[in-house]
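K.L.:
Could you look at this predicted model? Sequence included:
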There are 2 protein chains.
Amino acid sequence: MQISSRFTLAVHILICIDTFKDDCKTTSDFLAGSTNVNPVIVRKILSQLKSAGLVNVARGSGGASITKPLGEITFLDIYKAVDCVNKGELFHFHEAPNEKCPVGRNIHAILDDKLLQVQNALERELKSITLEDVKSDLKRYLDS
Amino acid sequence: MQISSRFTLAVHILICIDTFKDDCKTTSDFLAGSTNVNPVIVRKILSQLKSAGLVNVARGSGGASITKPLGEITFLDIYKAVDCVNKGELFHFHEAPNEKCPVGRNIHAILDDKLLQVQNALERELKSITLEDVKSDLKRYLDS
DNA sequence: TATAGTTGTAACCATTGAGGTTGCAACTAT
DNA sequence: ATAGTTGCAACCTCAATGGTTACAACTATA
């Protein structure tokens, strides 16, 4: 299984908003054009980003804007905002191992902290990358 | 999305094989009893673990055994063996962003190395945990 | 050698979740 | 008042997971 494309989509949307913020109104229709997904999907993601306090969305008049400096928005913020993994748990357990087996009875408790440790490593890395990094990379690509 | 329960299931199975190796024949039926999943599922996972060289499975007579010391089997070995993520790529990209948009045209290339960096962090952590760690934890649980 | 117990695998089913789409009420700058 | 939006509900399709049955192939052993 893979982490939902909502994550890369959200990054794409945010960078798009920043890139075009001075040139046009970044509506869900406009963003749908760049990402090539349905405007409703864009609105759903914008709504999640808004709940996380990363963007403002103007009802009526339309258009989205980013609330903070790009350097203060990490991949982890976005990852959490779009809620890619079920209930925040990266690993899925097989349900109902046999309680009568000494292994089955304890496997969950034993693995829990180890899996959490792995998940923390993932999140730590996500936290180390910001939208500012993406922006400066994009600049390099556009200049060359 | 979550990482398939095949992973935790595989760990469970391997620890089970080790725990009961001296007391009984660890057949797919026996392992299905402890994990509480269908024997066919167990066989499928055993088959994947076998392809990865982690276990031997005896046809005909039946029973599985582990090929190396537990300290030499890492969570990463198991994770790769059971092939939890599609094509080895943890993140799923939205297909076909608009090539005419400067952001859409470059987003994939820009994100690729960053996402790989995150994936590497995950795998590095998985590599640091071995079945021996699980075994010693199990021992602690059973003694107390 | 016949048999019983097992593995390997194909074929199918049910359920779930993701992503997509339409439609429409609510909102707001002009 | 209107035109352009957003927010959201309702529905659809598709793919992947996990589950199940069925059966051929295999092998220790009686």
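P.N.:
Done, it's in.
K.L.:
what's near enough to touch the nearest residue to A:Cys101 once chain neighbours are set aside?
P.N.:
Across the structure, with CB to CB, 6 or more residues apart in numbering or on different chains as the measure, the residue nearest A:Cys101 apart from its sequence neighbours is B:Ser34 (4.1 Å). For the C-beta atoms, the positions are set from N, CA and C on the backbone; glycine is no exception. For B:Ser34, the set of contacting residues under the criterion of CB atoms under 8 Å, 6 or more residues apart in numbering or on different chains consists of A:97-98, A:101, A:103-104, B:12, B:16.
K.L.:
Considering these, which possesses the most neighbours?
P.N.:
Neighbours here mean other CB atoms under 10 Å in any protein chain shown. Within these, the largest count is held by B:His12, at 29 neighbours.
K.L.:
Quick one: list the elements packing against whichever strand or helix holds that one.
P.N.:
Using DSSP states H and E, the element containing B:His12 is helix B:6-20. Contacting helix B:6-20 under the criterion 3 or more CB pairs under 8 Å, 6 or more residues apart in numbering or on different chains; DSSP states H and E are the following elements: helix A:102-127, helix B:28-35, helix B:39-51, strand B:64-66, helix B:75-82, helix B:131-143.
K.L.:
Could you export those as JSON lines, including distance to DNA strand D and mean pLDDT?
P.N.:
Written out in JSON lines, the entries for those read as follows (distance: least, CB to the nearest atom of the strand, whole Å; pLDDT from 0 to 100):
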{"stretch": "helix A:102-127", "distance to DNA strand D": "14", "mean pLDDT": "94"}
{"stretch": "helix B:28-35", "distance to DNA strand D": "9", "mean pLDDT": "93"}
{"stretch": "helix B:39-51", "distance to DNA strand D": "4", "mean pLDDT": "95"}
{"stretch": "strand B:64-66", "distance to DNA strand D": "13", "mean pLDDT": "95"}
{"stretch": "helix B:75-82", "distance to DNA strand D": "9", "mean pLDDT": "94"}
{"stretch": "helix B:131-143", "distance to DNA strand D": "20", "mean pLDDT": "95"}
